[in-house]
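Novice: Predicted model and sequence follow; I will ask about them next.
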Amino acid sequence: MNKSNLIRAFSVTLLAGAALAGRAAKPDSVGLPTAAIKHWTADNGNGTYSNPLFYEEFEDPDPIRVGDDYYLAGTTMHMNPAVQIMHSKDLVNWELAGYCTNRLDFGPAYHLEGGNIYGRGIWAPCIRYHKGMFYIFSNVNGVGLMVYRSKMINGPWEWNQLPGRHDLSVLFDDAGKIFIISGGGSPYLIEELMPDLRAFDTNAPRHQLVVPAGPKLGEGHHLYKIKGKYVDVSAIPGGPVDQMVAVADSIDGPWKVERMVQGESLGVTAATPARATANDRGLWLHQGGIVDTPAGEWWSIIMSDHGSAGRMVSLVPVTWDQGFPLIGLPGNLRKAPNTWIKPNTGSAQDPKPAFIHDDNFDSSKLNPLWQWNHVPDDSKWSLTEKPGVLRLHSLPASDLWSARNSLCQRPPGPEAIMTVELDTAGMVAGDAAGLALLSSPYAWIGVVKANAGATLEMFLGAGGGRRGGGVAPTNTPSVGSASPPSHLWLRVACNFDTDKANFSWSADGKIYTPVGDPFATTFQLTTFQGVRPALFNFNTTGQPGGYADFDNYTVDEPRARGREREIPLGKTIIFTSGADGSFLAADTLSNVLVNVAADSAAAKGPSVRFQVVDLGLGRVALKAGNGRFVSAAADGVMLKGLAGHPPGAAESFQWVNLMRGDTMLMSLTNHRYLVTRPNEPGQVTATATGPTPARQQGECFKWRVVE
């Protein structure tokens with residue numbers, strides 16, 4: 001058991017407003033930097049954080065610690081620059097450190113010339129640090145294993161190529177050997193690399209990780225040696241899957257296997273009932289690495305799907321139990337809190353968004369969050385040809401899917417509004433330029449030039465087949481204006497709760513006119529990504545055409561912070577169940593917490609009112625109208641008089657906000673949540689292990705302030 005986590009979890013027995021481990025508590029959103037309010041920031045500013053770590057796509061996370069610094073590498077598929085690297089001091093607030101390479105160039109298909117590499121390219125990188133050198137290992141599908149190396153995390157990076165290995169991980173063993181594990185099915189191959197990492201050691205014995213009968217491993221290996229034990233963290237291949245962990249005393253085994261996390265969705269849901277189930281593909285936490293802090297805590301950064309926004313990562317605590325690192329907290333293992341105390345890294349960082357996507361193109365360099373769809377032609381784009389704008393010269397293409405020099409970003413959730421200013425004066429017949437959501441299918445809004453003039457249109461296209469297969473795009477236009485002005489604004493508003501996007505345009509940047517029907521966005525295996533906003537210009541005549549100038553690209557995040565992150569500290573509130581609308585109430589005769597029907601007399605009286613007492617670090621006590629406190633006990637949730645003493649662990653609850661206005665209350669006695677039985681009024685318990693995707697099992701509540 002992780003004693004550090006255990007001690008911290010049960011230490012909230014001090015006065016209201018106390019801080020844990022010397023970290024000061026602040027009211028939610030008060031004193032936060034403006035950027036942390038306008039853009040998604042995991043840090044709540046009160047000593048806690050909320051998942052996802054980034055509310056946007058970041059696939060196949062692999063974290064490491066080097067001294068007091070943390071680094072994180074992630075998949076970039078067919079995008080350029082390739083292999084994204086992040087840096088943090090506290091595991092919560094991150095910043096972009098750079099990429100391993102500006103160009104992932106291994107032939108014409110990488111340039112969208114005679115083919116494409118949609119959904120291929122960089123997969124599942126492994127980041128390591130050894131003897132003063134950073135290494136990142138990543139398979140480029142169909143090419144081989146790339147070994148990137150640099151003495152500085154921000155480069156420059158050198159590289160060499162080895163024969164390809166699927167979802168690999170590398171371990172620099174303290175015995176001097178360099179092991180590499182790979183493969184998606186048991187037995188899993190463990191090979192040795194030469195000291196210079198430029199070849200496999202063909203003279204070394206070939207090891208195997210053989211697992212007992214039962215769930216397989218193999219999706220995204222993460223191989224470690226921890227306190228003399230070999231540990232391989234890896235996901236079960238497939239759709240709605242869990243992550244497993246294998247432990248052995250020797251690299252040759254025998255290996256013991258445990259389920260590391262089980263059925264954990266963190267309450268991620270969607271508007272469509274088909275996706276609001278625990279068995280939805282990929283919603284579960286299912287692939288990521290682990291890392292320790294200097295204080296001895298262990299944490300995992302692990303991904304799960306979030307619909308058309310793509311796969312996102314969460315930071316979750318790890319508890320060691322009987323020799324296995326398991327996600328979760330004592331009393332609720334294999335489950336993960338959506339909101340929890342920030343890691344004890346010894347470093348204090350102010351809340352800071354990892355990603356701010358805006359770009360006014362006034363710099364001589366692009367915002368580094370931009371990525372090109374495939375390798376760009378650098379002679380056909382410029383920030384200096386007309387200073388202050390991004391100029392895209394058109395290249396020949398039949399459609400957006402095959403258009404070169406499309407400049408992309410990841411959109412933030414849960415909602416994002418992307419707007420760009422476009423000047424079409426330099427466009428010629430055959431050019432099409434605008435703002436797209438690149439996916440399969442895709443959609444875009446833009447200006448199409450012909451000899452007869454220009455039209456503003458929204459297009460829908462099929463994209464390709466599975467993983468870039470040969471399904472010919474079928475474009476369907478919706479005309480928005482037969483003669484748009486040469487200077488205009490384009491906009492797409494994405495709601496990733498509903499997986500819908502709406503395109504619009506404006507002649508003055510103030511009043512926007514919708515074009516076409518809402519576009520249904522998807523996560524799919526063709527690009528193997530969520531949707532990507534893209535700026536583009538291509539020519540359908542088979543020849544290069546003119547140019548389009550883009551300016552003032554902005555990304556608004558209307559729900560980055562607000563009511564969905566609020567804690568009503570010091571206020572008197574009413575809780576209602578999200579499952580059946582019943583009210584939480586204090587049964588003052590039996591001194592227990594119950595739920596009562598919404599149409600009952602009790603729901604209209606003072607027994608349903610609770611004062612939220614601030615205990616610091618996002619933790620609260622609930623004080624009923626009779627002066628007693630809600631207190632978790634093994635056989636239910638009681639009402640307890642404290643006789644002037646401050647609330648202890650039994651009366652302390654971690655306030656947990658889920659997006660879409662749902663709140664949960666985690667008891668610090670067992671790290672489980674208050675729960676009612678839907679449509680069965682009665683005593684409340686603290687037994688729920690976490691939220692279900694549909695949030696209809698009595699574990700989620702709504703609240704409102706009363707006078």
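Specialist: Happy to help now that I have it. Every value quoted in this text rests on a predicted model; they were computed, and no experiment measured them.
Novice: if I pick the most centrally placed residue in the chain, what's in contact with it?
Specialist: Nearest to the mean C-alpha position of the chain, by C-alpha atoms, centre = their mean, lies residue 312 at 2.1 Å. By C-beta atoms under 8 Å, 6 or more residues apart in numbering, the contact set of residue 312 is 52, 53, 54, 55, 56, 57, 58, 303, 304, 305, 306, 413. Glycine gets a C-beta too; all of them are placed from N, C-alpha and C.
Novice: ok, what's across the strand from residue 620?
Specialist: residue 614, residue 653 (DSSP bridges).
Novice: Look at the residue nearest to the centre of the chain and report its pLDDT.
Specialist: Residue 312 is assigned a pLDDT of 95 by the prediction.
Novice: Next one: it relative to residue 413, how far apart?
Specialist: 8 Å (C-beta to C-beta, to the nearest Å).
Novice: Spell out which residues are contacts of both of those two.
Specialist: Common neighbours of residue 312 and residue 413 (C-beta under 8 Å, 6+ apart) are 55, 56, 306.
Novice: Which ones among the residues you listed lie within strands?
Specialist: Assignment to strands by DSSP state E places none of the shared contacts of residue 312 and residue 413 there.
Novice: Put together TSV for those residues, with pLDDT, distance to residue 144 and neighbour count on each row.
Specialist: What follows is the shared contacts of residue 312 and residue 413, written out as TSV (pLDDT from 0 to 100; distance: C-beta to C-beta, whole Å; neighbours: other C-beta atoms under 10 Å):
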residue	pLDDT	distance to residue 144	neighbour count
55	97	34	29
56	97	29	26
306	90	31	24
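Novice: For residue 484, give me its contacts.
Specialist: 424, 447, 454, 455, 456, 505, 507.
Novice: Among the residues you listed, which one sits closest to residue 408?
Specialist: Set against residue 408, the nearest of the contacts of residue 484 by C-beta to C-beta is residue 447 (19.4 Å).
Novice: Now do the helix or strand that closest one falls within, average pLDDT.
Specialist: Following DSSP states H and E, one finds residue 447 within strand 442-450. Averaging pLDDT along strand 442-450 gives 96.
Novice: One more: stretch 178-195?
Specialist: Stretch 178-195 comes out at a mean pLDDT of 91.
Novice: Straight-line length of that stretch, end to end?
Specialist: Stretch 178-195 has an end-to-end distance of 7 Å (criterion: C-alpha to C-alpha, to the nearest Å).
Novice: all helices for the protein, in order.
Specialist: Here the chain has its helices, by DSSP state H, at 3-9, 34-38.
Novice: rank the ones you listed by pLDDT, which is bottom?
Specialist: helix 3-9 (a mean of 39).
Novice: Let me have the contacts of residue 312 in JSON lines, extended by distance to residue 388.
Specialist: Compiled in JSON lines, those are given as follows (distance: C-beta to C-beta, whole Å):
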{"residue": "52", "distance to residue 388": "35"}
{"residue": "53", "distance to residue 388": "34"}
{"residue": "54", "distance to residue 388": "30"}
{"residue": "55", "distance to residue 388": "30"}
{"residue": "56", "distance to residue 388": "27"}
{"residue": "57", "distance to residue 388": "30"}
{"residue": "58", "distance to residue 388": "31"}
{"residue": "303", "distance to residue 388": "38"}
{"residue": "304", "distance to residue 388": "40"}
{"residue": "305", "distance to residue 388": "39"}
{"residue": "306", "distance to residue 388": "35"}
{"residue": "413", "distance to residue 388": "30"}
